[in-house]
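>>> after the sequence you'll find the predicted model.
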2 protein chains.
Amino acid sequence: MTRHNDLKPANDDDVFEVGSPLRTGRLDDILGFHLRMANVAIYQDYTAAMGDIGLTQKQFAVLELIAANPRVSQIDIANQLSMDRATMMALVNRLESRDLLERQPSPIDRRRQELLLTEAGAEVLKQARNIQQQHELRFTSRFSPEELEQFIEGLKRVYADIIPRNSQTD
Amino acid sequence: MTRHNDLKPANDDDVFEVGSPLRTGRLDDILGFHLRMANVAIYQDYTAAMGDIGLTQKQFAVLELIAANPRVSQIDIANQLSMDRATMMALVNRLESRDLLERQPSPIDRRRQELLLTEAGAEVLKQARNIQQQHELRFTSRFSPEELEQFIEGLKRVYADIIPRNSQTD
DNA sequence: TATTGTTATACTCTATAACTATA
DNA sequence: TATAGTTATAGAGTATAACAATA
């Protein structure tokens, strides 16, 4: 229950008591640390909420991208999400084996497989959207509309120059 | 290079051109999506920057927490980072096998192992901090001090009620 | 030559369950 | 009974490299 580590406070601003969190030390000054913690918090709530459906955040994003861009290729989705082709392949395989999407060879470019939601996929996506909305609200409700807009703008600033991962040399 | 998918724009605000990113559709309204993209952007830059040292973000955080809380136990670190005990175990094993930290049985509570940085661990942490600082700056430089403070406050709001994962029933 | 899909391998992280020794 | 550490297993994501078919 309690820690035996309640000694050696680093400074007066950072004393801790039994049962309190650890000193975060230098981590507290690191943007990436807070970003990761926020991501973990959302990931955990998302996963718990989505339990029955069993769609990961990435899988959900892929289904949404296919819904918004029918007949999109794996590589375009991968680039959009800054994922590797091979990772995308594995992810699409999983969704295909659950019959949530299908691959169709492109008539224009025969290297390509076009991705389409199945009826089951569209149905699952619909259910997932509802759950996601509830989940989302548990976090967005902590912000005023103006705050939220500004916050999301900050997030976009962080990933503004994110790199497509399947471009050049291989 | 180009996509063959340049048809069926969803609406006038969302037309896309050849070579442009996909339509993100509903994803654009999802806080968790932007948070994950921001996290991916930082993760990729971090990983590239930390290449030679080979410390993951989590491993770096664990070393920092040990540095700030000498003789801390695995479970306290796990709770602080909202990680599972078993995951923490594996992570500490990796760091121990690289001689970056050592486990010492607690004289007070013999169930516990106290964690301490080795000299090599302290040295690696020092190097990692320098690299991390350069990396960090590539993102924080996009914010004014006031913007950054507000942005981080938002992140903290998101993970304010994050759950310790090793508390109750198991 | 470059691109898309594909397969294979290896590592990390995550989640769960169970066991042990200690409290 | 509950806790800390431990072990084992399985699924998911990530990174890299290579190959075939096609552009």
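Good, I have the coordinates.
>>> list, one by one, the residues from chain A near DNA strand C.
Applying CB under 7 Å from any atom of the strand, we find that chain A lies next to DNA strand C at A:40, A:43-44, A:47, A:73-75, A:85-86, A:89-90, A:92-93, A:103, A:109, A:111-113, A:166-168, A:170. All C-beta atoms are positioned from the backbone trio N, CA, C, and that covers glycine.
>>> buried subset of these?
Burial by neighbour count, 16 or more other CB atoms under 10 Å in any protein chain shown: within the residues of chain A next to DNA strand C this picks out A:40, A:43, A:73-75, A:92, A:112-113, A:166.
>>> so can I have a markdown table of these showing pLDDT?
As requested, those are exported to a markdown table (pLDDT from 0 to 100):
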| residue | pLDDT |
| --- | --- |
| A:40 | 93 |
| A:43 | 92 |
| A:73 | 92 |
| A:74 | 92 |
| A:75 | 91 |
| A:92 | 94 |
| A:112 | 90 |
| A:113 | 90 |
| A:166 | 77 |
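>>> export these to CSV and tack on secondary structure and distance to DNA strand D?
Below are these laid out as CSV (DSSP: H, G, I helix; E, B strand; the rest coil; distance: CB to the nearest atom of the strand, whole Å):
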residue, secondary structure, distance to DNA strand D
A:40, helix, 14
A:43, helix, 10
A:73, strand, 12
A:74, helix, 13
A:75, helix, 11
A:92, helix, 10
A:112, coil, 8
A:113, strand, 11
A:166, coil, 9
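>>> which two of those have the greatest separation?
Spatially, the most separated pair among those is A:40 and A:112, at 35.8 Å (CB to CB).
>>> now the helices for chain A?
Ranges of helices in chain A, per DSSP state H, are A:31-49, A:57-68, A:74-80, A:85-97, A:119-140, A:145-158.
>>> say whether chain B is contacted by the last one.
To tie it back to what came earlier, the one meant is helix A:145-158. Yes: using CB under 8 Å from any CB of the partner chain, helix A:145-158 reaches chain B at A:147-148, A:150-152, A:154-158.
>>> got the CA positions of that helix in PDB?
Only the C-alpha atoms of helix A:145-158 are listed here, as PDB (Å, rounded to 0.1, in the frame of the first residue of the first chain):
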ATOM      1  CA  PRO A 145     -15.300  24.700 -27.200                       C
ATOM      2  CA  GLU A 146     -12.700  27.400 -27.500                       C
ATOM      3  CA  GLU A 147     -10.200  25.600 -25.400                       C
ATOM      4  CA  LEU A 148     -10.700  22.400 -27.300                       C
ATOM      5  CA  GLU A 149     -10.200  24.100 -30.600                       C
ATOM      6  CA  GLN A 150      -7.000  25.600 -29.400                       C
ATOM      7  CA  PHE A 151      -5.800  22.300 -27.900                       C
ATOM      8  CA  ILE A 152      -6.400  20.400 -31.100                       C
ATOM      9  CA  GLU A 153      -4.700  23.100 -33.100                       C
ATOM     10  CA  GLY A 154      -1.700  22.500 -30.800                       C
ATOM     11  CA  LEU A 155      -1.800  18.800 -31.600                       C
ATOM     12  CA  LYS A 156      -1.900  19.500 -35.300                       C
ATOM     13  CA  ARG A 157       1.100  21.700 -34.900                       C
ATOM     14  CA  VAL A 158       3.000  18.800 -33.400                       C
END
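>>> which of the residues of helix A:145-158 next to chain B has the largest number of neighbours?
residue A:158 (25 neighbours; other CB atoms under 10 Å in any protein chain shown).
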